[in-house]
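**Student:** got a predicted structure here, sequence first:
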Amino acid sequence: MKATPRTRKLNESVKEAIAAILIEDVQDPRLHLATVTSVEVSPDMRYADVFVTAHGDERRYADLLEGLEAAKRRIRSALSQRVAMKYLPELRFHIDDSVDEGMRITRAIERERRKRPVHPDDAPESDA
């Protein structure tokens, strides 16, 4: 289903609120440096899929998800104070691995560039 301007605004409001809650209201060290990358509230507003990332490996992500699950009730309670909604959505947390995937692609491109240096014959000709 295509997001409407109203749902895009709600998604952004929930995202900003949860990000602030993680910084201001939750003291779990597993959530240190967690970043909320996006939120998708379901059309019936009963669920909110919260996508997060943090620097680290698979163990770091497992710890992050454990910390979010442990703090879920507190996050929902604080969310109800920050964003006016008809329903308080059930939060479902997911790892957003797009940042990691982008970094892997960038590293692969850099490795290839180092393997094949640019030769003067390969440079584009200028009209100068």
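**Tutor:** All right, it came through fine.
**Student:** low-confidence ranges in the chain?
**Tutor:** 1-2, 100-102, 117-128 (pLDDT under 70).
**Student:** ranges for the strands of it?
**Tutor:** Here the chain has its strands, by DSSP state E, at 35-41, 47-53, 90-95.
**Student:** what does the last one rub up against?
**Tutor:** With CB atoms under 8 Å, 6 or more residues apart in numbering as the test, strand 90-95 has contacts from 18, 46-53, 61, 64-65, 68-69, 72, 75-76, 79. Where C-beta positions appear, they are placed from N, C-alpha and C, glycine not excepted.
**Student:** mind redoing it with 7 Å?
**Tutor:** The contact list for strand 90-95 (CB atoms under 7 Å, 6 or more residues apart in numbering) reads 46-53, 61, 65, 68-69, 72, 75-76.
**Student:** quick one: closest of the strands of the chain to Arg107.
**Tutor:** Counting by CB to CB, Arg107 lies closest to strand 47-53 out of these; the figure is 16.8 Å.
**Student:** okay, buried residues for the closest one please.
**Tutor:** 48-53 (16 or more other CB atoms under 10 Å).
**Student:** tell me which residues touch the closest residue to Leu64 other than its chain neighbours, please.
**Tutor:** Residue nearest to Leu64 in three dimensions, not counting chain neighbours: Ala54, with 5.2 Å by CB to CB, 6 or more residues apart in numbering. Listed by CB under 7 Å, 6+ apart, the contact set of Ala54 reads 33-35, 60, 64.
**Student:** would TSV of these with distance to Arg111 and neighbour count be doable?
**Tutor:** Below are the contacts of Ala54 laid out as TSV (distance: CB to CB, whole Å; neighbours: other CB atoms under 10 Å):
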residue	distance to Arg111	neighbour count
Leu33	27	11
Ala34	29	22
Thr35	26	13
Arg60	24	16
Leu64	28	22
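**Student:** most widely separated two among these?
**Tutor:** Greatest spatial distance in those: Thr35 and Arg60, 12.5 Å, computed using CB to CB.
**Student:** and Asp44, how far is that from Met85?
**Tutor:** Going from Asp44 to Met85 by CB to CB, to the nearest Å gives 12 Å.
**Student:** meant to ask about Leu10, not that
**Tutor:** Going from Leu10 to Met85 by CB to CB gives 7 Å.
**Student:** all good on my end, thank you.
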